[in-house]
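In: model the structure of this input:
(chains A and B)
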Amino acid sequence: DTEVTQTPKHLVMGMTNKKSLKCEQHMGHRAMYWYKQKAKKPPELMFVYSYEKLSINESVPSRFSPECPNSSLLNLHLHALQPEDSALYLCASSQGRVGRYPPGETQYFGPGTRLLVL
Amino acid sequence: AQKITQTQPGMFVQEKEAVTLDCTYDTSDPSYGLFWYKQPSSGEMIFLIYQGSYDQQNATEGRYSLNFQKARKSANLVISASQLGDSAMYFCAMREGFKAAGNKLTFGGGTRVLVKP
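Out: Here you go, the predicted structure:
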């Protein structure tokens, strides 16, 4: 079972709202990722968690705040977003391991949340 | 310089025919992995196939095969017997070396495939 789930599927929010995106996996993976994808572009990495610790932040604005409550869950808290933040937000997970990852570490993606900021 | 290049922004293919999607990459690391993902209009990125730089044989997964030419730094995806459900965006991606936690995938720009009945 290589399922990663994301909720909600669609989200519309105003620039003053606070919302959260949720991601869950039950594959026993220990690395989880947030990506942002604009239309007709490849995904762009935002954050990586490894063993529930933030290991990579790709210089993402502070209006995006990730959280990893446990090894199965990953949240992305949104606050004071801008219209240009409208995009597909993808969550992914991979096996993860202590130390260095081999190049064959495969990431499995969820269906994404389509976010529209008005 | 782009590390992953997909030169075909879009292509049509007739149902039941084979199609080849091009991918070239650039790395100086001797150890790397190459991945292909499919993204239908629904948005989910679906993992298709993986090729490691030290793998002796080309990877195959059902109707998907990877034509890996290491000297030319190309990793083309071949889809045999195309089906209408193959219509999607296809991304080639690379992961370099043995990296610390969370080394990121580098994606190409993608190729949109439309299968005609």
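
In: for the closest residue in space to A:His26 that isn't next to it in sequence, report the pLDDT, please.
Out: In space, A:His26 comes closest to A:Ser72 once its chain neighbours are excluded; the distance is 6.1 Å by C-beta to C-beta, 6 or more residues apart in numbering or on different chains. From N, CA and C alone the C-beta is placed, and that goes for glycine too. Turning to A:Ser72, the model gives it a pLDDT of 96.

In: with the one 5 residues further on instead?
Out: Looking at A:His77, its pLDDT reads 98.

In: contacting residues for B:Asp55?
Out: Contacts for B:Asp55 were tallied using C-beta atoms under 8 Å, 6 or more residues apart in numbering or on different chains; they are B:Phe68.

In: was I right to think the residue nearest to A:His26 contacts A:Cys23?
Out: No: using C-beta atoms under 8 Å, A:Ser72 makes no contact with A:Cys23, being 9.2 Å away.

In: quick one: the strands in the chain?
Out: This is for chain A. With DSSP state E applied, chain A shows strands at A:4-7, A:10-13, A:18-25, A:31-37, A:44-50, A:53-57, A:64-70, A:73-79, A:87-94, A:108-109, A:113-117, listed in chain order.

In: meant chain B actually
Out: For chain B, the strands defined by DSSP E cover B:4-5, B:10-14, B:19-21, B:24-25, B:32-39, B:46-52, B:60-61, B:64-69, B:74-79, B:88-96, B:106-107, B:111-116.

In: show me where pLDDT drops low in chain B?
Out: B:1-2, B:98-103 (pLDDT under 70).

In: how about the residues of it by chain A?
Out: B:31-33, B:35, B:37, B:42-47, B:50, B:52-53, B:91, B:95-105, B:107-110 (C-beta under 8 Å from any C-beta of the partner chain).

In: separate out the buried members of the residues you listed.
Out: Buried by 16 or more other C-beta atoms under 10 Å in any protein chain shown: B:31-33, B:35, B:37, B:43-47, B:50, B:52-53, B:91, B:95-97, B:99, B:101-105, B:107-110, out of the residues of chain B next to chain A.

In: B:Asp86 and B:Ile79 touch, don't they?
Out: Yes: when contacts are counted by C-beta under 8 Å, B:Asp86 is listed as touching B:Ile79 (5.9 Å).

In: mutual contacts of the two, please.
Out: With C-beta under 8 Å, 6+ apart as the test, B:Asp86 and B:Ile79 both reach B:Val13, B:Val19, B:Val113.

In: now the first one. Nearest residue, chain neighbours left out?
Out: Spelled out, it's B:Val13. B:Val19 is the one closest to B:Val13 (C-beta to C-beta, 6+ apart), at 4.1 Å.

In: residues contacting that neighbour?
Out: By C-beta under 8 Å, 6+ apart, the contact set of B:Val19 is B:Met11, B:Val13, B:Val78, B:Ile79, B:Ser82, B:Asp86, B:Val113.

In: looking at chain A, which helix or strand is least sure?
Out: Least confident element among the helices and strands of chain A, by mean pLDDT, DSSP states H and E: strand A:53-57 (a mean of 91).

In: ok now that one, how far from the chain's centre?
Out: Here strand A:53-57 is found 12 Å from its chain centre; the criterion is C-alpha atoms, centre = their mean, to the nearest Å.

In: for B:Ile4, grab the count of nearby residues.
Out: Using other C-beta atoms under 10 Å in any protein chain shown, B:Ile4 has 22 other residues around it.
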